[in-house]
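Student: the sequence and its predicted three-dimensional model are supplied below.
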Amino acid sequence: MSLLSLCQWLQDTPWGTGIRESIWVFPIIESTHVLALSLSVGTIAVVDLRLFGVMMRKESVSEVTRQILPWSLVGFAIMFLTGAWLFLSQAVKAYHSTFFRIKVLCLLLAGLNAVIFQFTVYRTMADWDRDAKPPRGARIAGIVSLLLWITVIVAGRNMAYRF
């Protein structure tokens, strides 16, 4: 079974067809997806900007992340679920969309960036937690994350308007 065949099968499932053909379900899912994206990426951006050293410089990075990341995770979970439903409803169009491929690639890279950060720079956070300007690795992780999430949003919006 090819990837395109799998996409066709997913799109033709009762769930995919029901979402796509409903007057209300698709717009509700899409709106929820955008709101969850705002919650998730908005809060991630605050952490990224703190890591980059341009905002909340008097707050420790650990305190900022402790307060904000739970909201990021809730937003991400909702965004992921609603994104999966949207994909299910238009899987073949997504398969053929360059913007969808860019979006997925950047999502994977954002996840990889977070994992690398956790296993490298984060381990030494106790040494630099209160510094107004975090170390280079933290700043790089923050700006890379921010740029990847901006690309995810731009690709997603382009995908939505070019289907």
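Tutor: Looks like it arrived, so ask away. Numbering: from 1, shown residues only.

Student: spit out the contact partners of Arg66.
Tutor: By C-beta atoms under 8 Å, 6 or more residues apart in numbering, no residues touch Arg66. All C-beta atoms are positioned from the backbone trio N, CA, C, and that covers glycine.

Student: Trp149 too?
Tutor: Listed by C-beta under 8 Å, 6+ apart, the contact set of Trp149 reads Val41, Ile44, Ala45, Asp48, Cys106, Ala110.

Student: report pLDDT for the third one.
Tutor: Per-residue confidence (pLDDT) for Ala45: 96.

Student: ok, Met1 next?
Tutor: On pLDDT, Met1 comes in at 82.

Student: which is the next helix or strand following the lowest-mean-pLDDT helix or strand in the chain?
Tutor: Least confident helix or strand, the chain: helix 125-128 with a mean of 91, by mean pLDDT, DSSP states H and E. Note on helix 125-128: by DSSP states H and E, the next helix or strand toward the C-terminus is helix 136-161.

Student: so which bits of that next one are buried?
Tutor: 137-142, 144-146, 148-149, 151-153, 155-156, 158-159 (16 or more other C-beta atoms under 10 Å).
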